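Engineer: kindly return the folded structure for what I paste below:
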Amino acid sequence: MIARLAARGTSFKGAGAYYLHDKDASTAERVAWTETINLGTQDPGRALKVMAGTALDQAALKAAAGIKASGRSSDQVVQTYSLSWHPDERPSQATMLQAARESLVVLGIADRQALIVCHRDQRHPHLHLIVNRVSPADGRLNATGRQQLKLSRWAEDWERARAGSGARSGSRAMPSGSKVTPSRIGPASPAP
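Structural biologist: Numbers count the residues shown, from 1 in each chain. Next comes the predicted model:
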C-alpha cells in the first residue's frame, strides 16, 4: 500500500470539485463509490457543505465547549490523503473502508468529519480521504506533526499483517509530486 499525504487546503468545495469529478470535466465516471464518516448524510455534496459549515463555526464551537479562542488557528482546514494498492491487488470495498478508518485512527483524526472517495481511473485501486481538520465537538484543529511518518509506518504494518494471507507487501509512502501513469480499469460495481 502507498499512503500519500497531500498539502492542506482551504476549500471543501475545491476538494470536492477535484475528487468527485473527472479531471478537467464535470462528469464523475472515475468515482467508484463514496462513504462519509461522522456526518449525518451519505450524500457527498451535502457532506462537503456540512464540513465547510463546521469549519466556519470553529469559533462558536470553541466557545460552546469552553475553550479559549486562542490556540492553533489556520484557514487550512481541509486535509486530504490517499491510500493506493498495488495494481495486482483487488481489495474489496470493505477492506478499503477498514484501511481508511484505521488510517484516521493512526492520524488521531477518527473523530473528524471525513469523505472517502474511491476512484477507478487508474490501474491500481485507490481512495482519497477529504478530512475536516476542525473538530465538530470543540472546534479545535488537529495537530499535523509527523503525519506522513505515522501514515507510512501504519501502511507498512498494514501490509505486514496481511502478508501471511497472500497479500502483497512493500508498502511505502509516496513522496509529494510523484507521478503515476494513468490507465483505465473496468467499471466497478455500485456500492450496496
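
Engineer: can you pull out the low-pLDDT segments for the chain?
Structural biologist: Across the chain, the stretches falling below the confidence threshold (pLDDT under 70) are 164-192.

Engineer: which stretches of it form strands?
Structural biologist: Ranges of strands in the chain, per DSSP state E, are 2-5, 31-37, 78-84, 114-119, 126-132, 172-173.

Engineer: show me what contacts the most centrally placed residue in the chain?
Structural biologist: Nearest to the centroid of the C-alpha atoms of the chain, with distances taken as Cα atoms, centre = their mean, sits Leu129, at 1.2 Å. Listed by Cβ atoms under 8 Å, 6 or more residues apart in numbering, the contact set of Leu129 reads Thr80, Tyr81, Ser82, Leu83, Ala100, Ser103, Leu104, Ala114, Leu115, Ile116, Val117. Quick note: C-beta positions are derived from backbone N, CA and C, even for glycine.

Engineer: do that again at 7 Å, thanks
Structural biologist: Taking Cβ atoms under 7 Å, 6 or more residues apart in numbering as the contact definition, Leu129 lies against Thr80, Tyr81, Ala100, Ala114, Ile116.

Engineer: just the residues you listed now: which is nearest Trp158?
Structural biologist: Checking the contacts of Leu129 against Trp158 with Cβ to Cβ, the nearest one is Ala100 at 11.2 Å.

Engineer: in the chain, which spans are helices?
Structural biologist: For the chain, the helices defined by DSSP state H occupy 12-19, 44-56, 58-64, 93-106, 147-163.

Engineer: so which of the ones you listed is the most surrounded?
Structural biologist: Between those, the one whose residues have the most neighbours on average, counting mean count of other Cβ atoms under 10 Å, is helix 44-56 (a mean of 20).

Engineer: who does that helix touch, helix- and strand-wise?
Structural biologist: Packing contacts for helix 44-56, counted by 3 or more Cβ pairs under 7 Å, 6 or more residues apart in numbering; DSSP states H and E, involve helix 12-19, strand 114-119, strand 126-132.

Engineer: who touches that helix?
Structural biologist: Here helix 44-56 makes contact (Cβ under 7 Å, 6+ apart) with 12-13, 16, 20, 34, 36, 39, 41, 77, 113, 115, 132, 134, 136.
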